[in-house]
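here is a sequence with its predicted model. Questions after.
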Amino acid sequence: MSTKSNLNDNLIISEWTEHVRNLNTEYTLETGKIKKFKLDVFGCQMNERDAETIAGMLTDMGYEEVYGDDFADIIVFVTCCVRENAEEKIYGHIGALSKVCEEKGSIIVASGCMMQQPHVVEKIKQSYKNVKIVFGTHNVHMFPELLYRYLTKGKRVFEVWEKEQRIIEELPIKRAEKHKAWVNIILGCNNFCTYCIVPHVRGRERSRKMEDILSEVRALAEDGCKEITLLGQNVNSYGNDLGEKDLFAKLLYAIEEIDGIHRVRFMTSHPKDLSDSLIDAMKNCSKVCNHLHLPFQAGSNRILKLMNRKYTREHYLELIGKIKAAVPDIALSTDIIVGFPGETEEDFEQTLDIVEKVGFDSAFMFIYSPRKGTPAAKLEQTTPSEVISQRFKRLADLQTEIATKLAKRFEGKTVEVLVDGPSKQNPEMLSGRTRDNRLVNFKAEGVEKGEFVIVEIVRAGAFWLEGRGGK
Ligand code: 5AD
Ligand code: SF4
């Protein structure tokens, strides 16, 4: 259900949408062609989800989506600034498009987290003239209006809101997949980990109303969706801003009742907010998958404190003990940062120790990257970069060894896989995910994307399982 003011916002958005659609209809009548758009999305699942809104808006405005090297009139970047290498890659991609913009008249739209940083917008204004429209994370809903302004006046449009606003429900959406879907439950982050730019670019926590989430999930189920992933920077604090305790666990119980949904996933969880009632819900809800992504970031209490993570290594290990006891076949994944300013060999060994003690099925490992405006960026880096690179390799090698050992137990066993389509590693194979989020590449006849299949695993490695399957 939308609120009244939401309805007003939605009316305004649909008016701008119609204005652009009219321009496109005229263009099609004159030329017989339909204008095309393409997305280039970086970063986390929240950005993937935002991209689906942008694609929905463009589709409603009369554009048709194209992929890969196909020509597009509009190329939209959904940007990420969590680490410096993401930013550099984005500048590289934008720069590489200058020829197609000049010769064929494509325009670039830049949106997302990077655009919330004034120094980035300034650099784009000065050095990337092919970027014609810029908006940020807080005003995605303005895109049709900004596009109309650009198309009718021909002047570059920069409109970035500094602060978050309340959530606007029922924005258009063109989902990337039918069989599985991202569902936002909470936007923003209140945690201010000292290394992280996210709270600065995505604003404070705002939870969607439970009834809005449930009606979205019901509609997805009716449309044939089988798996949903509930999204938020910190899903465990869902509902805190609505004044209710343990609302995330309640949400999982409510989704359990929705027919048609077979699998429920969620990410990301913060160890400081992972409650006993959530662990109970994971145990009791048959649709909640046996996978938990629980970033620990660093293994030493000294570094955890400098990171403002608000838990200790002992607390983290206790949580892992609880979740393993409640859900014995749980698969665990995590995020780890190597080389936080001043990380000593002893600190790093504590990180290796957690990796050994927990036994993660997978881990996302990052070298610390200073982000302008975050408290950690002011700390002096006393660890040489060669030492950090060596540590990163030691960590990655250890994690691969552990993940390989853990995966071996699947050889000769059968697993249930939800099919995603052709495999990226081997296009002759199909690929999909198990309930515990393992990637499986397999050979099978007559199997379609979006179906569940039983696959016999013939080979298991750290990053994927290989098998043969049938219905
Ligand atoms: N440097 C390196 N990694 C970072 N992350 C967040 N900020 C930084 C940074 N400045 C990592 C954390 C987080 C993941 C999404 O990205 O591990 O969990
Ligand atoms: Fe960044 Fe920490 Fe918030 Fe995650 S919890 S988005 S790491 S500030």
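Yep, that arrived. Ligands and ions are numbered 1, 2, ... in the order given.

stretch 164-172 and ligand 2 in contact?
No: against ligand 2, stretch 164-172 shows no contacts by Cβ under 6 Å from any ligand atom, the least distance being 14.0 Å. Backbone N, C-alpha and C define where each C-beta goes, glycine included.

pull the residues that contact that stretch.
Under the criterion Cβ atoms under 8 Å, 6 or more residues apart in numbering, residues 2-3, 5-6, 9-10, 13, 17, 53, 56-57, 59-60, 137-138, 140-141, 187-188, 202-204, 206, 208, 212 lie in contact with stretch 164-172.

end to end, how far does stretch 266-278 reach?
Chord length of stretch 266-278, first to last residue, is 12 Å (Cα to Cα, to the nearest Å).

quick check, that stretch touching ligand 1?
No: Stretch 266-278 lies out of reach of ligand 1 by Cβ under 6 Å from any ligand atom, never closer than 6.8 Å.

what is the mean pLDDT for that stretch?
Model confidence over stretch 266-278 averages 96 on the pLDDT scale.

that one near ligand 2 at all?
Yes: residues of stretch 266-278 contacting ligand 2 under Cβ under 6 Å from any ligand atom: residue 270.

ok, now how distant is residue 427 from residue 441?
Here residue 427 is placed at a distance of 10 Å from residue 441 (Cβ to Cβ, to the nearest Å).

of those two, who's got more company?
residue 441 (21 against 10; other Cβ atoms under 10 Å).

elements contacting the helix ranked longest in the chain?
When the chain is parsed with DSSP state H, its longest helix is helix 4-31. Here helix 4-31 touches helix 45-60, helix 143-153, going by 3 or more Cβ pairs under 8 Å, 6 or more residues apart in numbering; DSSP states H and E.

packing partners of the next helix or strand after that helix?
Sequence-wise, the next helix or strand downstream of helix 4-31 (DSSP states H and E) is strand 36-41. Contacts defined by 3+ Cβ pairs under 8 Å, 6+ apart place strand 36-41 against helix 45-60, strand 64-65, strand 74-79.

next, format those as TSV and append mean neighbour count.
Output for those, formatted as TSV (neighbours: other Cβ atoms under 10 Å):
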stretch	mean neighbour count
helix 45-60	21
strand 64-65	14
strand 74-79	25
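
for residue 175, find the nearest of these.
Set against residue 175 and scored by Cβ to Cβ, the helices and strands packed on strand 36-41 come closest in helix 45-60, at 5.4 Å.

relative to strand 36-41, how tilted is that closest one?
Using axes from the mean of the first three to the mean of the last three Cα atoms, to 10 degrees, the direction of helix 45-60 lies 170 degrees away from that of strand 36-41.

what's near enough to touch the residue nearest to the spatial centre of the chain?
By Cα atoms, centre = their mean, the mean C-alpha position of the chain lies nearest to residue 45, the distance being 1.2 Å. Going by Cβ under 8 Å, 6+ apart, residue 45 touches 182, 229, 231, 267.

name the SS class of the second one, please.
When classified by DSSP: H, G, I helix; E, B strand; the rest coil, residue 229 comes out as strand.

what ranges do the helices span in the stretch 351-471 of the chain?
All helices of the stretch 351-471 of the chain, identified by DSSP state H, counting those that start in this stretch, fall at 385-408.
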